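In: Build me a structure from this.
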Amino acid sequence: MTDMKSIKEIRRANFARAIEEKCSGNQTDAAARLEYSTPSLVSRYATGKKDIGDRAARKMEEVFELPANWMDTDHENPGEVVVRRSDVPSWPFPSISESDIRALPPTKLTALEGAMALAIAQLNLGISVTPSGPPSGPKAPPAHKPGRLIDFDEVPDEFSFRIPGLDVAPWDGGKTTKQMEREAHNLRLSRIANVGHVPRAGYSANDQEFLAVPELDVRLAAGKLGIENYHETAIGQILLRRSFLESFRLPIERMKIVYADGDSMEPVIRNEGPMLFYEEKVTDPRLIDARTVYAINYGGKMIVKCIRRERDGTLLAKSLNPAYEPFPLEKDDGRDVCIVGRILWSPYDLRNGVDERLL
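Out: Numbers count the residues shown, from 1 in each chain. Coordinates of the predicted model:
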């Protein structure tokens, strides 16, 4: 009987086969089609130095126009189970010794179980925790013998802090405060205007009134051009303090939360970091400020850059990371260029622009 392949081995072999059939074995072509910044990632996938995850496998199937789950199928041995038992660890916590856990006394195991139940409830993992039954009665303390050491973990708690009539604690199978508020829909935000807010003093951390800012499924490329397409889709809301938003002295309804993709604007904008985006189109080049961080629709690709205006009128997209060279924002290459807004916060406060020493 042949040894069954793991899902990692199957995906690696299928990826190498896809490169051979769809790209004539050219890894550079495969990297370009998959929108990878370097062909080395293709080589690492194909040689097994890097495992192909679920998201990467699905993207490969879409780009190479392969059937669904084609990357997960062993085409040499169809119908066989693709996962070996050796690929599934019997103990799910490699950093914790299984033997040490099993050697704990009953009282310690009970305490550990309660802590795990609390963590499961707080993380909302969807795992049901069976409530512990009511105590059968106070446990009689063991008879003390002179000279005998006392295990304080075994001594009964005669002064319990549990108050009769309260809900079951989360570690005993009850619900956390967050879960109860979500189910009861009784979460209310303060409507007291500008609590603790002093005019012309920025924003106040004591302000307890929050406003919902739309969170968009938009990634502004701060690295290689063309990483993400521009699809403005609201995926949620982020609550920010009213005084913080009002401190920009701009219409709050035009503010949105977006995310960066790349490191070309570091240290001001971190890769995958959140940004407060203000939608405001700039059509007059004379209004462009070299210290402002702009969001630019560059031929359907959203980028975030500073803009420098040359003497001849040329506009250059300027990165803050010196590893990236400026490039012209031109329209003669067929790309539409439109400044759609600017970044107000990244979490650097950018209302007054970027520090000139970084430009």
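
In: Distance of Pro39 relative to Ala221?
Out: According to C-beta to C-beta, to the nearest Å, Pro39 stands 20 Å off from Ala221. Just so you know, the C-beta spots here come from the backbone N, C-alpha and C atoms, and that holds for glycine as well.

In: between those two, who's got more neighbours?
Out: Neighbours were counted for Pro39 and for Ala221 using other C-beta atoms under 10 Å; Ala221 has more, 23 against 16.

In: Find the helix or strand that Tyr259 is a member of.
Out: strand 255-261 (DSSP states H and E).

In: So which residues make contact with that strand?
Out: Strand 255-261 is contacted from outside by 213-216, 218-223, 227-228, 238, 245, 248, 269-279, 295, 304, 344, 346, using C-beta atoms under 8 Å, 6 or more residues apart in numbering.

In: Send me the helix or strand just after that strand as CSV with only the CA atoms.
Out: Under the assignment DSSP H and E, the closest C-terminal helix or strand after strand 255-261 is strand 274-282. Output in CSV follows, covering the C-alpha atoms of strand 274-282 (Å, rounded to 0.1, in the frame of the first residue of the first chain):
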residue,chain,number,x,y,z
PRO,A,274,-5.7,51.6,9.5
MET,A,275,-6.1,55.1,8.1
LEU,A,276,-8.7,57.8,8.5
PHE,A,277,-9.5,58.8,4.9
TYR,A,278,-11.3,62.0,4.0
GLU,A,279,-13.0,62.0,0.6
GLU,A,280,-12.2,65.2,-1.2
LYS,A,281,-11.3,65.3,-4.9
VAL,A,282,-8.5,67.7,-5.9
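
In: Who does strand 274-282 pair with, and is each partner parallel or antiparallel?
Out: strand 255-261 (antiparallel), strand 337-345 (antiparallel) (DSSP bridges).

In: Give the rounded mean pLDDT of the last one.
Out: Strand 337-345 shows a mean pLDDT of 89 in the predicted model.

In: Show me what counts as buried in it.
Out: Under the neighbour-count criterion of 16 or more other C-beta atoms under 10 Å, strand 337-345 has 339-345 buried.

In: which residues touch whichever helix in the chain runs longest?
Out: Looking across the chain with DSSP state H, the single longest helix is helix 106-123. Helix 106-123 is contacted from outside by 101, 104, 127, 129, 153-154, 169-176, 178-179, using C-beta under 8 Å, 6+ apart.

In: Toward the C-terminus, what is the element adjacent to it?
Out: helix 177-184.

In: how near is the residue nearest to the spatial centre of the chain to Asp355?
Out: In the chain, the centroid-proximal residue (C-alpha atoms, centre = their mean) is Glu272; its distance is 7.8 Å. Separation of Glu272 from Asp355 (C-beta to C-beta): 22 Å.

In: Equivalent analysis for Thr73, please.
Out: Per C-beta to C-beta, Thr73 is found 54 Å from Asp355.

In: Could you check which of these two has the larger neighbour count?
Out: Neighbours per residue (other C-beta under 10 Å) separate Thr73 from Asp355, with Thr73 holding more: 18 against 13.

In: need the longest strand for the protein.
Out: strand 210-221 (DSSP state E).

In: tell me the angle of it relative to strand 337-345?
Out: Angle between the axes of strand 210-221 and strand 337-345 is 130 degrees (criterion: axes from the mean of the first three to the mean of the last three C-alpha atoms, to 10 degrees).

In: Which elements pack onto strand 210-221?
Out: Counting contacts by 3 or more C-beta pairs under 8 Å, 6 or more residues apart in numbering; DSSP states H and E, strand 210-221 packs against strand 234-241, helix 242-246, strand 255-261, strand 274-282, strand 301-309.

In: you'd agree Val282 is up against Ile288?
Out: Yes - applying C-beta atoms under 8 Å, one finds Val282 in contact with Ile288, separated by 6.4 Å.

In: neighbour count winner among those two?
Out: Per other C-beta under 10 Å, whichever of Val282 and Ile288 has more neighbours is Val282, with 18 against 15.

In: so what's the closest residue to that one other than its chain neighbours up against?
Out: Nearest residue to Val282, sequence neighbours excluded (C-beta to C-beta, 6 or more residues apart in numbering): Ile339, at 4.0 Å. Ile339 is in contact with 281-283, 288, 294-297, 307, counting by C-beta under 8 Å, 6+ apart.

In: at 10 Å instead, please
Out: For Ile339, the contacting residues are 280-285, 287-288, 292, 294-298, 305, 307, 315, 329, taking C-beta atoms under 10 Å, 6 or more residues apart in numbering as the criterion.
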